[in-house]
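In: please work out how this folds:
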Amino acid sequence: MKRMADVLLTYGWCRSSYSALRGLAQQGLKVVVTDTGRIGMCQASRLAYARARYRSPFADPQGFVADIDTLCRDYDITMILAGHEEVELLALAREQGRLTAPAALPVARAATIEMANDKYRMACLAREQGVSVAAIMECRCPEDAMTMSDPANEYVARARRGNSSKGVFFARGGAPLMKTLDAMRKTFDLEEGRPPIVQERVAGDGWGVSCLYWHGQPIASFTHRRLEEKLATGGTSTLRISAAHPAIEADAHRLLRALGWHGLAMLEFKHDEASGRHFFIEINPRLWGSIDLALSSGVNFPWLLYLAQTQGPAVALAHFHPARQGVVERWLLGDVIRRLGLASNGAWRQALAFQGVSANAFDDAKRDDPLVLVGEAFYYLSKAIRSRSMNPLEAGMVR
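Out: Residues are numbered from 1 along each chain as shown. Have a look, this model is predicted:
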């Protein structure tokens, strides 16, 4: 007998997908969680209706699309929710007619997602739209850094595509920056004509504006401020608080409207308290790591997306209510990894320091679903053993 489900969720091992599973299951939806492996948060959750595997979207993209198509038919799926960067691959497959199952895929066009994933193109778009970005240095080759950068300044070099601080490096101008760019080119085998984006480093707190748009029109939004991050150089937050920032929010909506956005996205900014200025950093055109804070604050993005797809955007808009402010959430395992990293570098004072705020909730420690933390820990442990890294890189992630 054929099993019927509502949503097929990809990239099931991680927090963002688990939060999506949680938000959908709370509304009574049946979710099939999928991934390349058997270990992870969604795989360990009691909320999953079914579990399945697919071939790697990086190593075997055609096989991945075929597997998703088959699973959608096997479970008569209503909607696909991509958990990570496979969203672009699925969007392209849909447009090319390779995703033939009738399941809906509420995302932007592949070309729009590709642009959103390109840090250089998004920085240029922000500049065109009057949104502040850190000064861009047009280095076409590593040697340009010798003449175009100031040795007294610090710069950030980022591969045009990457996630969770992968492909992000900091260096002083001049020779150090040139060496960094050359090492990036060799390490990641970067294409000619796609050099890293180099910008002056800006100070400030990290902010995120999360949104659901429907064919260019806003349905729901949520804003948070980062209090702690997993790595000293930035990336994934381990402690964050729901908070409003009208100026940053206005710039986020300006960019999403310029893209004609459709679906979910989270935009990252830096805000310098001393100068009062903020700068656009990048956009995550997919589910994002801090989405559980939105759930804890009263904004269930996955459910609103499902409503918009199945009952129309007006229904989703009617179910959206502004978030509760001041909700604090911690990523428990990420905080442990952050502190171990600081201690291993001799920064014991920082490793033992606390912000002085109590978390109202945790991304990965759930009393009603306790095994998800075990699944997450085993995933990180298995990856650390195989790759000797707590932030493992898979071929094709950085380019």
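
In: element containing Ala93?
Out: Secondary structure assignment for Ala93, by DSSP states H and E: helix 86-95.

In: quick one: the helices in the stretch 251-399 of the chain?
Out: In the stretch 251-399 of the chain, the helices defined using DSSP state H, counting those that start in this stretch lie at 291-296, 301-311, 313-319, 332-344, 348-352, 371-387.

In: among those helices, which is the most enclosed?
Out: Mean neighbour count (mean count of other Cβ atoms under 10 Å) peaks for helix 291-296 among the helices of the stretch 251-399 of the chain, with a mean of 25. To be clear about C-beta, it is placed using only N, CA and C from the backbone, and glycine gets the same treatment.

In: centre of the chain to it, how far?
Out: Helix 291-296 sits 14 Å away from the centroid of its parent chain (Cα atoms, centre = their mean, to the nearest Å).

In: what are the contacting residues of it?
Out: Defining contact as Cβ atoms under 8 Å, 6 or more residues apart in numbering, one finds that helix 291-296 is touched by 15-16, 18-20, 22-23, 210, 222, 224, 240-242, 266, 300-301, 323, 327, 329, 360-361, 363.

In: same thing but at 6 Å, please
Out: Ser16, Ser19, Gly23, Ser210, Phe222, His224, Arg240, Phe301, Val327, Glu329, Ala361, Asp363 (Cβ atoms under 6 Å, 6 or more residues apart in numbering).

In: relative to helix 301-311, how tilted is the helix or strand that contains the first one?
Out: Secondary structure assignment for Ser16, by DSSP H and E: helix 15-25. On the basis of axes from the mean of the first three to the mean of the last three Cα atoms, to 10 degrees, helix 15-25 is oriented at 50 degrees to helix 301-311.

In: I'd like the average pLDDT over helix 15-25.
Out: In this model, helix 15-25 has an average pLDDT of 98.

In: could I have that helix exported to PDB, CA atoms only?
Out: Output of helix 15-25 as PDB, limited to C-alpha atoms (Å, rounded to 0.1, in the frame of the first residue of the first chain):
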ATOM      1  CA  ARG A  15      19.400  22.200  12.400                       C
ATOM      2  CA  SER A  16      17.700  24.200   9.700                       C
ATOM      3  CA  SER A  17      16.000  21.100   8.300                       C
ATOM      4  CA  TYR A  18      15.100  19.800  11.800                       C
ATOM      5  CA  SER A  19      13.500  23.200  12.600                       C
ATOM      6  CA  ALA A  20      11.500  22.900   9.400                       C
ATOM      7  CA  LEU A  21      10.400  19.400  10.300                       C
ATOM      8  CA  ARG A  22       9.400  20.600  13.700                       C
ATOM      9  CA  GLY A  23       7.400  23.500  12.400                       C
ATOM     10  CA  LEU A  24       5.600  21.400   9.800                       C
ATOM     11  CA  ALA A  25       4.900  18.400  12.200                       C
END
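
In: give me the next element, helix or strand, following it.
Out: Per DSSP H and E, the first helix or strand lying C-terminal to helix 15-25 is strand 31-35.

In: contacts made by the helix or strand following that following strand with the rest, please.
Out: Where DSSP H and E defines the elements, the next helix or strand beyond strand 31-35 is helix 41-44. For helix 41-44, the surrounding residues in contact (Cβ under 6 Å, 6+ apart) are Gly12, Ser17, Tyr18, Leu21, Val33, Ala48, Arg51, Leu371, Val372, Val374, Gly375, Glu376.

In: from those residues, which single one is nearest Glu143?
Out: Ser17 (42.1 Å; Cβ to Cβ).

In: need the contact list for that closest one.
Out: Counting by Cβ under 6 Å, 6+ apart, Ser17 has contacts Leu9, Tyr11, Cys42, Gly83.

In: how about Pro106?
Out: Pro106 is in contact with Gly263, Leu305, Gln309, counting by Cβ under 6 Å, 6+ apart.

In: go with 8 Å
Out: Pro106 neighbours (Cβ under 8 Å, 6+ apart): Met79, His262, Gly263, Leu305, Ala308, Gln309.

In: now do Trp261
Out: Ala108, Thr112, Cys211, Tyr213, Gly216.

In: these, buried ones only, as a ChimeraX selection?
Out: This is the ChimeraX syntax for the buried subset of the contacts of Trp261, where burial follows 16 or more other Cβ atoms under 10 Å:
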select :108,112,211,213
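
In: which members of the contacts of Trp261 are the farthest-apart pair?
Out: Checking those with Cβ to Cβ, the most distant pair is Thr112 and Cys211, at 14.3 Å.

In: in strands, which of the contacts of Ser17 fall?
Out: Among those, the ones falling in strands (DSSP state E) are Leu9.

In: among the contacts of Ser17, which one has the lowest pLDDT?
Out: Minimum pLDDT for those is recorded at Gly83 (93).

In: verify the contact between it and Ser19 for me.
Out: No - if you go by Cβ atoms under 8 Å, Gly83 and Ser19 don't touch, sitting 9.8 Å apart.

In: touching both of those two, which residues are there?
Out: If you check Gly83 and Ser19 against Cβ under 8 Å, 6+ apart, the residues they both contact are Leu287.

In: neighbour-wise, which of the two wins?
Out: The residue with more neighbours, out of Gly83 and Ser19, is Ser19; 28 against 25, by other Cβ atoms under 10 Å.

In: contacts only, for the more buried one.
Out: Taking Cβ under 8 Å, 6+ apart as the test, what Ser19 contacts is Leu287, Ile291, Asp292, Leu295, Pro302, Asp363.
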